[in-house]
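1. No sequence on hand, only this structure:
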């Protein structure tokens, strides 16, 4: 799995952090940060869900 974020598109809604707190965080301005690629299937599913619900579509999750 490869996760990329477009920080220019991020609106700081925080849905990613709520969905996958082990994978995503936000900086002081609320912009998404990737903490780590998920190592297990529940983490990967949470990252996929975060990508789907991101209101600005700033998160891209690619399966590798």
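-> Perfect, thanks for sending it. Owing to the predicted nature of the structure, the values given are computational and were not obtained by experimental measurement.

2. Now do the same contact list for residue 44.
-> 1, 38 (C-beta atoms under 8 Å, 6 or more residues apart in numbering). Backbone N, C-alpha and C define where each C-beta goes, glycine included.

3. In three-state terms, how would it be classified?
-> helix (DSSP: H, G, I helix; E, B strand; the rest coil).

4. What segments of the chain are strands?
-> 2-5, 24-26, 32-34, 59-62 (DSSP state E).

5. With mean neighbour count added, can I get these in TSV?
-> What follows is those, written out as TSV (neighbours: other C-beta atoms under 10 Å):
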stretch	mean neighbour count
strand 2-5	15
strand 24-26	18
strand 32-34	18
strand 59-62	16
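
6. TSV please, covering those and showing mean pLDDT and distance to residue 47.
-> Shown next, in TSV, are the strands of the chain (pLDDT from 0 to 100; distance: least, C-beta to C-beta, whole Å):
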stretch	mean pLDDT	distance to residue 47
strand 2-5	96	6
strand 24-26	98	8
strand 32-34	97	9
strand 59-62	97	6
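
7. Pipe those strands into a markdown table and attach distance to residue 49 per row.
-> Output for those, formatted as a markdown table (distance: least, C-beta to C-beta, whole Å):
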| stretch | distance to residue 49 |
| --- | --- |
| strand 2-5 | 12 |
| strand 24-26 | 11 |
| strand 32-34 | 14 |
| strand 59-62 | 9 |
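
8. Residue 48 is nearest to which of the ones you listed?
-> Distance to residue 48, taken as C-beta to C-beta, is lowest for strand 59-62 among these, at 5.3 Å.
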